[in-house]
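S.K.: Quick one: sequence and predicted model below, then my questions.
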Amino acid sequence: MTSLYPGFRYDADKEAISEARAKALESLLIEKGVITGKTVDQVLSYFDTEMGPFNGAKLVARAWVDPEFKKLLLEDCNAACEMLDLPNGMSGAEGEHMRIVENTADVHNVVVCTLCSCYPWPTLGLPPYWFKDPTFRARVVREPRVVLGEFGVQLSDSVNIRIWDSSAQIRWWVLPMRPEGTESLSEEELAKLLTPEAMMGVALVKAKSE
Amino acid sequence: MKLQHNLGGLEGLDPVNTEPRVFVEDWEQRIFGIHTAMMALSNHLDKSLPDYDISQVPSTFDSFWSWAHLREGAENIHPFDYFRLRYYEKWLGGISGFFVEEGYITEDELNERAALILKDMADNKSTELPEGGDPAIDTQVEKYLREGDSPKRSTDITPKFNVGDTVRIKTISAGTHSRLPGNLQGRIAQVMEVYEESYTYFYETADGLGTPMPVYNLAFKAEDLWEQSLIEPGSIYYNDIFEAYIEPA
């Protein structure tokens, strides 16, 4: 991928230059004792294996099968995280103060950060490209139904949309609706149906994972 | 304010790009990791709620680095560049510039090293990263990831506004860095929640953030934000707003 927005002209070797400059910076910082030769890999591994959307999926699946847990998750997301066997650090970096909002038959929630990319790292991992793109951030706050349509989400006209922007210190995410036809699924099977997009409100959960 | 402070509701843009990957080029992962390490090694962490003994961590990093620093780097650039550059390209520029300004590296050093790496890439050779470093640095990075840096602070401040109050967003200059979306300036909202205690922003902005202050969840009706023909009927826009940005309606 050389360009995500075709309106600008870019140097053909733009990515190679960025790759070289990032590597040059990391090399110099290691040599000068700012970080170690393992620091960056350790950070990336943390988000690959410990803090990612698999945590959010477990929380949502539990909420779907356990009304008491769902109540706690909606009232105090950080406390609910402590009830499940999740990695140590659910209230760590970018998860210090998390809130979740519930989709219902009448209300659909979508989360955005118009100023940057605030995202609940412990429950959802790192933000996808679409969440950081200025076009999404500019448009979803005013024309959410049109933007959701571009993600393939068609909502009934009777559903009201709520948009949650993140300009201060709370990190928001979405408790999606449990799809019909999943009554026989186990909690583990339900968790597999969830995606980061569903847990930020730009996708609906489908009964079969694809 | 700059256009990047005022993205909300721009008209006439293209369809959204629904790309689900976090990193669209491998190098983007490296600059993300460097930023996160800087957050974990910042000298302001000695005043944070977790018991970081930051002055004892054997990293040569001895600077203040927070989200505000990273965001200010992106907000400070020319709007044309803001939209021309991809998300992590802005990070790479801002973070590299910070290390040069703070004297950890020189611009020449960075350019020379990058030129060597580019030459290796052209020759299909992979440049190995240096090895080693004190493992206590990585212990602190992991501690930061797991314990974070909560901005919540106990103060004796009484919030100026209450749940149910109708308030107005101030009209102010964004300066070089702001946490107020520009399109909200002058708009009316209702207080939905007064968050418990106060929240710091760690970094002092020209528009009034920095010291702990109350934060409110505000609800804005679509018709109070946009011209009637542009709105999504029945939609509500919520945002968490620092008290410094709010005045009585």
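M.R.: On my side now, so go ahead. Residues are numbered from 1 along each chain as shown, chains lettered A, B, ... in the order given.

S.K.: do the helix or strand containing residue B:100 and chain A meet?
M.R.: Here residue B:100 sits within helix B:87-101, counting by DSSP states H and E. Yes - using Cβ under 8 Å from any Cβ of the partner chain, we find that helix B:87-101 touches chain A at B:87, B:89, B:92, B:95-96, B:99. All C-beta spots, glycine's among them, are computed from the backbone N, C-alpha and C.

S.K.: Chain A: which of these is nearest?
M.R.: Nearest to chain A, judged by Cβ to the nearest Cβ, of these is residue B:87 at 4.4 Å.

S.K.: and for stretch B:95-112, what are the contacting residues?
M.R.: By Cβ atoms under 8 Å, 6 or more residues apart in numbering or on different chains, the surrounding residues in contact with stretch B:95-112 are A:21, A:24-25, A:28-29, A:32, A:34, B:31, B:34-35, B:38, B:60-61, B:63, B:65, B:69-70, B:73.

S.K.: Please enumerate the helices of chain A.
M.R.: Assigned by DSSP state H, the helices in chain A fall at A:14-31, A:39-49, A:53-65, A:67-75, A:77-83, A:121-124, A:129-132, A:134-140, A:144-150, A:187-191.

S.K.: For residue B:160, which of the ones you listed is the nearest?
M.R.: When these are ranked by proximity to residue B:160, the top entry is helix A:67-75, at 25.8 Å, counting by Cβ to Cβ.

S.K.: buried residues in the closest one?
M.R.: Neighbour-count burial for helix A:67-75 flags A:69-70, A:72-73 (criterion: 16 or more other Cβ atoms under 10 Å in any protein chain shown).

S.K.: pLDDT-wise, which helix or strand of chain B ranks last?
M.R.: The weakest-scoring helix or strand in chain B, judged by mean pLDDT, DSSP states H and E, is helix B:79-84 (a mean of 90).

S.K.: So which of the helices of chain A has the densest surroundings on average?
M.R.: For the helices of chain A, the largest average neighbour count (mean count of other Cβ atoms under 10 Å in any protein chain shown) is found in helix A:121-124, namely a mean of 28.

S.K.: In chain B, which residue sits nearest chain A?
M.R.: Closest to chain A within chain B is residue B:133: 2.6 Å, counting by Cβ to the nearest Cβ.

S.K.: before we move on, the earlier item: how about the residues of helix B:87-101 next to chain A in a markdown table, adding neighbour count and pLDDT?
M.R.: A markdown table is the format used below for those (neighbours: other Cβ atoms under 10 Å in any protein chain shown; pLDDT from 0 to 100):
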| residue | neighbour count | pLDDT |
| --- | --- | --- |
| B:87 | 20 | 96 |
| B:89 | 20 | 96 |
| B:92 | 23 | 97 |
| B:95 | 23 | 97 |
| B:96 | 22 | 97 |
| B:99 | 23 | 98 |
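
S.K.: Name all residues that make contact with the residue of chain A found nearest chain B.
M.R.: For chain A, the residue closest to chain B is residue A:36, as judged by Cβ to the nearest Cβ, at 2.6 Å. Taking Cβ under 8 Å, 6+ apart as the criterion, residue A:36 is in contact with A:30, B:132-135, B:137-138.
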